[in-house]
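J.: can't give you the sequence, but here's the structure:
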């Protein structure tokens, strides 16, 4: 925590640069035992964790937190670049060069022949299979969205949202056919049909410009907010929420929804 005395005497108060960050990373590799021991493999969990923390910071809307978390993510990028540099594989300049080349190639209308093209359509010419180069560790909703984006890039897509909406309704009926009137499972294909339903919902989201992962995240947050409100109301009334009957819990849920 910063105190009211200002920077310590002799402290470097100039604005730091990316070169400073890179120099610091190289120094840590040379003089810190823990940093020196890390490898690409050992750093994998930290990269995933820092990316998730950046995502949380974006959702929070807190710019100071976002700045700090982006710094942590940048550390991971520099860390991997310096480790690769030490191995003689490539360095941070090569990383930057690959980025510049890729972004220029993605925007031929700005840096090339002036013809604007869809990115997925351009990439399709470089792939043999639809999932080639797609990270296996992507969350399932995000992976479904990207697969559908790639399919659309080669023309395999509905012309509008009417088709995907009809497909969702069709898949709901196929799920319903796996259950009897009491909701009991009567068809072993239920899991597969539920997967088809989720995939079709993702496709509908994509077609109307909504990312299914973000939509579900919003729904999760809304559910938590409403459930906490129910628990708080119950506590204020001197009752334990879990001990209420389902009709009583439903009544609380309706109260919370009306109050939003």
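T.: Noted; the coordinates are in hand. Note that the structure is a prediction, hence the values are computed from the model and not measured. Residues are numbered from 1 along each chain as shown.
J.: Give me the distance from stretch 120-137 to the chain's centre.
T.: 19 Å (C-alpha atoms, centre = their mean, to the nearest Å).
J.: by contact count, what packs against the helix or strand of the chain with the lowest mean pLDDT?
T.: When the helices and strands of the chain are scored by mean pLDDT, DSSP states H and E, helix 119-124 comes last with a mean of 76. Counting contacts by 3 or more C-beta pairs under 8 Å, 6 or more residues apart in numbering; DSSP states H and E, helix 119-124 packs against helix 92-106, helix 140-153. The way it works is simple: take the backbone N, C-alpha and C, and place the C-beta from them, glycine included.
J.: Need the contact partners of the last one.
T.: Right, the one you point to is helix 140-153. Identification of contacts with helix 140-153 by C-beta atoms under 8 Å, 6 or more residues apart in numbering yields 118-121, 123-124, 127, 130-131, 134, 138, 157, 198-199, 202-203, 205-206, 211-213, 216.
J.: Filter these down to just the buried residues.
T.: 123, 124, 157, 198, 199, 202, 203, 205, 206, 212, 213, 216 (16 or more other C-beta atoms under 10 Å).
J.: which residues touch the first one?
T.: In this structure, residue 123 makes contact with 150, 153, judged by C-beta under 8 Å, 6+ apart.
J.: Would you map out the domains in this protein?
T.: 18-111, 119-128+137-210, 216-259 (automatic domain parsing).
J.: just for the chain, where's the confidence low?
T.: 1-13 (pLDDT under 70).
J.: residue boundaries of the strands in it?
T.: Assigned by DSSP state E, the chain shows no strands.
J.: Helices of this structure, start to end?
T.: For the chain, applying DSSP state H gives helices covering 18-31, 33-37, 40-60, 63-87, 92-106, 108-111, 119-124, 140-153, 162-176, 190-207, 212-236, 246-259.
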